[in-house]
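S.K.: need a 3D model of the sequence below.
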Amino acid sequence: MLAALDADRHVLLEGPPGTGKSTLLRAVAAEMALGFEFVEGNAELTPARLVGHFDPARVLTDGYDPAVFVDGPLISAMREGSLLYVEEINRIPEETLNVLITVMSERELHVPRLGRIAASPGFRLVAAMNPFDAIGTARISGAVYDRVCRLSVTYQSAAEEAAIVVRSRPAPAVAGASPVAGEPSAGWIAKAVEVVRLTRSHNELRVGSSVRGAIDASAVAVSLAQLRGVAPEDRDVGLDAAIVALSGRVRVREGNTRSSEEIITDLWRSVFDVAEDGSPGEGSDSGKDRAPMGAANSSR
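M.R.: This is a model prediction of the structure:
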């Protein structure tokens, strides 16, 4: 990323949600002291919203004067020589994408009644996209790929994800003080991360959770434990927090009879209900043979 931006190239970050694409770019922009314009990619991102528009009220009095033009994020980034970050570029309309292609190629844009806007030195487009088969996404044209350097981003390692969860928890009020009372242990967090990682390869799930699921499970467990007056590592507290945090993030494969809550419960118990000798503990379904899908609903 640093090398591509330093070489004055446009960049495409491609990877699943929750892999730190936005975090990476914000950190790089801050380190390189670069200006930063953020654009959320969605179906409502029209060319006018991206480029800018003339203020209708002032046009009535002053006409189409350049002074009454309201810069959009694209024009602002071009004038200032900043980074334009377009999140989820494969969700924006094709006509808006064509505007970006023109700017990437020509480093200038012609706006009706405003004229030619040339990009100042330092202007670069950085776009992020989820895999094209995610809900609401579409393939982007080869014209985009031909004008960018592509960087594939994937999930972090288990140790890195556990460190992210720890870093997301509230810091002690006094520097150097011990962690906040009632926080889950490092071992508990590592197991929660393991559950989240297992959702990505589970054969009954089409989409798994990112590390955000482990972050939320940890936060909810702390609050839920306080409400119930127990420790955050209480067995039922952890499971309930995981169901709340993960059930909406995963997607069950079509045709499966089990719900996301049932699958998460199974995964959580398989990781947390493990005896010291490594065998599944009481309440765990890990290792048990299951009836074929639909068998439970078949007539006797």
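S.K.: which one is residue 28 nearest to, not counting chain neighbours?
M.R.: residue 1 (5.4 Å; CB to CB, 6 or more residues apart in numbering). (C-beta placed from N, C-alpha, C; glycine too.)
S.K.: the one you found: what's it in contact with?
M.R.: Neighbour list for residue 1: 11, 13, 24, 25, 28, 151 [criterion: CB atoms under 8 Å, 6 or more residues apart in numbering].
S.K.: tell me which residues of whichever strand or helix holds the third one are tucked away?
M.R.: What it means is residue 24. Here residue 24 sits within helix 21-31, counting by DSSP states H and E. If you call a residue buried by 16 or more other CB atoms under 10 Å, then helix 21-31 has these buried ones: 21, 24, 25, 28, 29.
S.K.: out of the residues you listed, who's nearest residue 271?
M.R.: Distance from residue 271 was checked for each of the buried residues of helix 21-31 by CB to CB. The minimum falls on residue 21, at 27.6 Å.
S.K.: so the closest one touches residue 130, yeah?
M.R.: No. Between residue 21 and residue 130 there is no contact, the gap being 9.2 Å when judged by CB atoms under 8 Å.
S.K.: any shared contact partners between those two?
M.R.: Residues touching both residue 21 and residue 130 (CB under 8 Å, 6+ apart) are residue 15.
S.K.: which phi and psi values does the nearest residue to residue 82 once chain neighbours are set aside adopt?
M.R.: What sits nearest to residue 82 in space, not counting adjacent residues and going by CB to CB, 6+ apart, is residue 35, at 2.8 Å. Taking degrees, to the nearest 10, you get phi -70, psi 160 for the backbone angles of residue 35.
S.K.: report pLDDT for residue 35.
M.R.: We note a pLDDT of 86 for residue 35 in this prediction.
S.K.: got it, and residue 298?
M.R.: With respect to pLDDT, residue 298 scores 41.
S.K.: and for residue 292?
M.R.: pLDDT for residue 292: 40.
S.K.: show me where the protein has strands.
M.R.: In chain order, the chain shows strands spanning 11-14, 36-40, 52-54, 69-71, 83-87, 108-111, 115-118, 124-129, 149-152, 205-207, 251-252, with DSSP state E as the criterion.
S.K.: in TSV, list those along with mean neighbour count and distance to residue 163.
M.R.: What follows is these, written out as TSV (neighbours: other CB atoms under 10 Å; distance: least, CB to CB, whole Å):
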stretch	mean neighbour count	distance to residue 163
strand 11-14	22	21
strand 36-40	17	25
strand 52-54	19	41
strand 69-71	16	40
strand 83-87	24	24
strand 108-111	15	42
strand 115-118	12	43
strand 124-129	25	22
strand 149-152	13	22
strand 205-207	17	24
strand 251-252	16	27
